[in-house]
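[1] Prediction below, plus the sequence it came from.
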Amino acid sequence: MHEKEIQEKGIDSLSIDEAYMKVLGHCLGYARGLGKGHLVIAKDGKKGKAELEAEIEQLRGDNTAMQAKLEFLIAENQRKEKADREKDEALEKKLELIMNILGL
């Protein structure tokens, strides 16, 4: 379609949406082929099984990402605490050495 548009008009002015509409035709609510369309919700306002499963998968992915971030932050915190302890121990040793030199 895009090549035909270029041959006829010299430029491709056909948008992707227009191309879909020409090929697939118009369907009430949305053009077929353009994404999933609207969520199917039952008359009682509840989501269908497919939508709930998709939502569960999204939440599982989010949960996995948050767990990985939490583990990273815990490891980073432990590393910083260890460095702080080592620094405190070094300062205490220096203070003890200074006190011994001064005879206190």
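    It's in.
[2] going forward, measure contacts between C-alpha atoms and count neighbours the same way
    OK.
[3] Let's test this: mean pLDDT of stretch 57-71, rounded?
    Averaged across stretch 57-71, pLDDT comes to 94.
[4] That should have said stretch 23-36, apologies.
    58.
[5] tell me, what residue is most central in the protein?
    residue 62 (7.3 Å; C-alpha atoms, centre = their mean).
[6] gap between the host helix or strand of residue 87 and the chain center?
    Using DSSP states H and E, residue 87 falls within helix 49-102. Distance of helix 49-102 from the chain centroid (C-alpha atoms, centre = their mean, to the nearest Å) equals 22 Å.
[7] And residue 63, how far from residue 7?
    Distance, residue 63 to residue 7, using C-alpha to C-alpha, to the nearest Å: 51 Å.
[8] Ok, residue 87 next?
    74 Å.
[9] What of residue 96?
    Counting by C-alpha to C-alpha, the gap from residue 96 to residue 7 is 89 Å.
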